Structures are given as structure tokens and as C-alpha cells.
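> take this sequence and fold it.
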Amino acid sequence: MKYRWMLLVASLQAADPWDDLRAKNPVGTTMELRLAGPTVFRQRELIRIGSTRPRLDEPQWQFAGFLIHPAPADCGAAAKACLGLRAMMLRPSGPASVEPRPFVLNDYVPDLPPGKYAVAALLRKLVLTGRQWRSTSYGYQDPPEYLVSNTLEIEVHPADAVWVAEQIARSVDVLRNGRIRTLAEYESVNKAAEQLGLLDEPAAWRASLDVLPVGETTLLTRLTDTRDPMKVCQLMQARVSALEQSVSRHYLEVLKQICNRANVDADASAALAGSLARKQPEVKMAALQALLEHIRQKQAADPPLPEPAWARDCYREVARAYGGVGVTSRSFLLSMFASTAPAETVVPLLESALNEWKPGDYSETAHSAIRSLHRLDRARAHARLLAELTKPQT
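Predicted structure coming up:
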């Protein structure tokens with residue numbers, strides 16, 4: 001008798017928790033999940049899930065989240081799937097040769113404590129509600145119609161200090177030494193940035209800032225999700241004036257978001273401007289662009305806001321540092337500078353850029369310079385153009 005009870009308990013444990021819901025799937029329409037690697041993970045380890053999705057000739061489906069069993073406290077059951085902060089519209093997958101981007105399960109599901117879990121994706125059917133020229137609109141099927149994927153089983157183990165240190169070192173190595181010439185290389189660098197950002201602990205925060213601007217979008221996005229915004233706010237503020245620290249417009253925006261979460265009013269632009277002259281050449285371009293964009297935002301306000309006290313120092317530094325800026329970045333910097341700084345500050349730099357031009361040089365820098373000069377001082381631009389046209393070679 002005891003043996004029979006043990007078999008019954010084992011069979012109940014092995015039963016798929018969503019068999020009843022899956023039995024209502026539309027005939028012939030499926031979504032398959034798969035794990036490319038192992039099924040055992042550490043806490044805060046990157047979990048990427050591949051999928052095949054409904055085809056183009058089938059109805060639209062809205063991704064409704066992930067089902068988890070046992071479910072975390074606030075989501076995971078069929079009544080409230082785990083959707084996270086990065087919900088997306090699930091489009092039909094198209095030809096079979098097109099591989100949809102993998103899901104990052106960590107974006108949808110809260111940090112899972114150690115244990116064994118079943119995971120499935122939940123989709124909700126959409127129906128056409130309107131069609132106009134070049135546009136269509138969809139709404140939910142009523143009554144609702146769902147599609148449940150197959151079930152994956154994963155196991156989560158604790159993340160000890162040794163494992164965390166290994167992941168930081170491995171990620172930093174890829175981010176510092178990896179090249180991005182192919183899609184595979186891009187994926188490798190992006191995975192390293194994702195994993196480093198997911199660790200969300202002080203050594204990982206510092207490493208994330210160390211490797212910028214590589215993987216910037218991913219790393220800074222992960223920092224906005226931190227569980228300790230006060231400490232990250234303080235770290236990012238302290239790093240702004242570090243000579244080797246890359247500080248872009250995105251960096252300043254994320255810093256402000258994180259500090260707002262910690263109820264700290266943070267405007268790091270003055271600190272960045274104060275360190276600008278000492279910034280190392282490889283990170284100075286990003287800082288110049290970030291500060292010029294900050295000034296432009298104030299100019300574009302309605303009514304325009306006064307320039308920051310450090311604006312004139314920034315203009316002088318742009319003119320001083322221009323010669324050391326890479327050729328491919330000069331056109332963009334000139335255009336931004338010309339649309340921000342006063343004409344009397346910009347025109348000398350534009351003329352200097354034009355003086356460097358030689359016949360046969362088709363770089364965009366001279367084109368940008370003459371367009372900007374024409375906008376700021378039309379007579380001077382006309383004189384330059386006429387003088388050039390009268391030369392035997394031009």
C-alpha cells in the first residue's frame with residue numbers, strides 16, 4: 001500500500017501543470033521553447049530561451065508572459081503570467097529560416113530562489129478590429145483564446161562568491177577583447193554584457209562602468225534595474241569625473257533615473273564639465289557630445305533656459321580638442337557644435353576645418369563645415385565658395 005502511494009505522489013509531481021490549459025490550444029498552431037545549453041543555472045545567471053513562433057499565415061498573438069511552477073509570489077500562474085518590464089508584441093515568425101531573437105527569461109521573471117521549476121510561455125490571441133490605409137489595429141479575442149507552449153524544466157542553484165567572481169572576470173575579458181564584426185561576435189559581446197549586468201552586486205557595477213563604452217546600452221539598462229539604487233547612484237556620480245571613465249549622454253540619463261529612484265536630485269553635468277580638460281582622449285569625445293546635448297536641451301526649452309555656467313569652458317574645450325578627434329567623428333562634432341555654440345565661437349573652427357581640405361578629399365567634414373558656415377555667416381561662406389571655384393583645381 002505504501003508503495004502505491006509513493007507511485008501516486010511521483011506521478012502527480014511529474015504531471016505537467018498546464019496540460020489542461022494546453023489542451024485548448026488551437027489545432028495546428030504551436031509555440032516551442034528550447035534551451036540551447038544546460039538546464040541547471042545559478043541565481044542571477046543569464047537564461048536565454050529560444051523559440052519557434054506562430055507563422056505569418058496565422059493570427060496575431062500577444063505575448064502574455066511566462067508561466068512558472070512553483071510560481072513566485074507575485075506572478076507565474078495562468079491568471080497572472082510573469083511579464084516583467086519589457087513586454088513585447090509577438091509578431092508571427094515568418095519563414096522557417098528566420099530565427100526569432102531568444103527570450104531572456106530574467107527580463108520577465110523575478111529572481112528565483114534555489115529550486116526546480118517548470119516554465120512555459122503564454123500567448124493571447126488578437127483579432128483585427130480596424131483597417132485603414134497603411135495601418136491596421138488589433139484587439140483581444142473575446143472570450144479570450146490562449147496558446148501555451150511546451151514546458152521546460154530548469155533548476156536553480158545558489159550563486160556563491162567564487163562563481164560570481166568567475167562570471168565577472170569572464171564577462172570583462174569578452175567585453176574588453178571581443179570584436180564586433182559578425183553577428184556571432186555581437187551576440188557574444190551582448191551575452192557578456194547581459195550576464196555582467198544581471199549579477200547586480202558592487203564588483204559587477206564597478207566592472208560595468210570600467211568597460212564602457214563597450215556594451216553601453218545593455219550595461220546601463222541593467223544598472224537601472226538594480227536592487228540598490230542608492231549605492232549605484234553614488235558610484236556613478238563618483239565616476240563621472242574619473243579621467244578614464246566614459247560618460248555619454250546615456251550615462252547621464254541613466255544616472256539621473258537611478259538617483260531619482262533613491263530620491264537623490266543628481267545633475268552630474270557640472271562635474272563632467274569640470275573634468276573635461278583632463279579626460280583621456282579615448283573618452284573625451286563622448287563627454288563633449290554629452291555636454292553639448294545638455295546645452296542644446298536648455299536652448300530648446302520653451303522658453304529657452306539660461307546656459308549653464310560651464311558652457312563657455314565647454315566651447316573652448318571643443319575647439320582645443322578638435323584636432324585630436326578621430327576623422328570619422330569630426331563631421332558629427334562640428335555639426336553639433338555649430339548648432340549649439342555662438343557663431344563667434346564656431347566660425348573660426350569651421351574655417352580651420354575648411355583650410356585643411358584638399359582637392360580630392362571627399363570626407364564629410366568639409367561638407368559639414370561649409371553647410372554650417374553658410375547657416376551662420378552666409379557672406380563668408382559665399383566668398384569661400386567663389387574663391388574655390390576660381391582655382392584651376394577644385
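> just the CA coordinates for the helix or strand hosting L386, please, in CSV.
Secondary structure from DSSP states H and E places L386 in helix 378-389. Output in CSV follows, covering the C-alpha atoms of helix 378-389 (Å, rounded to 0.1, in the frame of the first residue of the first chain):
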residue,chain,number,x,y,z
ARG,A,378,26.3,83.4,-45.5
ALA,A,379,28.6,86.1,-46.9
ARG,A,380,31.8,84.4,-45.6
ALA,A,381,30.6,81.1,-47.0
HIS,A,382,29.8,82.6,-50.4
ALA,A,383,33.3,84.2,-50.5
ARG,A,384,34.9,80.8,-49.8
LEU,A,385,32.9,79.0,-52.4
LEU,A,386,33.6,81.6,-55.1
ALA,A,387,37.3,81.6,-54.3
GLU,A,388,37.4,77.8,-54.5
LEU,A,389,35.5,77.8,-57.8
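> which residues does it contact?
Outside of helix 378-389, the residues within contact range by C-beta atoms under 8 Å, 6 or more residues apart in numbering are V347, E351, L354, I370, L373, H374, T394. For the C-beta atoms, the positions are set from N, CA and C on the backbone; glycine is no exception.
> buried subset of those residues, written for PyMOL?
One line in PyMOL is enough to select the buried members of those, burial here meaning 16 or more other C-beta atoms under 10 Å:
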select buried, resi 347+351+354+370+373+374
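> from the contacts of helix 378-389, pick the one nearest V119.
The shortest separation between V119 and any of the contacts of helix 378-389 is 58.8 Å, and it belongs to I370 (by C-beta to C-beta).
> what's the separation between that closest one and A184?
Relative to A184, I370 is positioned 42 Å away (C-beta to C-beta, to the nearest Å).
> burial measure for E364, as a count.
Residues lying near E364 (other C-beta atoms under 10 Å) number 14.
> one more: V27?
Other residues within reach of V27 by the criterion other C-beta under 10 Å amount to 5.
> take the contacts of helix 378-389 and keep only those in helices.
Using DSSP state H, the subset of the contacts of helix 378-389 located in helices is V347, E351, L354, I370, L373, H374.
> quick one, domains of the protein?
The record assigns the chain these domain ranges, following automatic domain parsing: 14-157, 161-329, 342-394.
> all strands for the stretch 151-300 of the chain, in order.
Remark: strands of the stretch 151-300 of the chain, listed N- to C-terminal, are 152-157; assignment by DSSP state E, counting those that start in this stretch.
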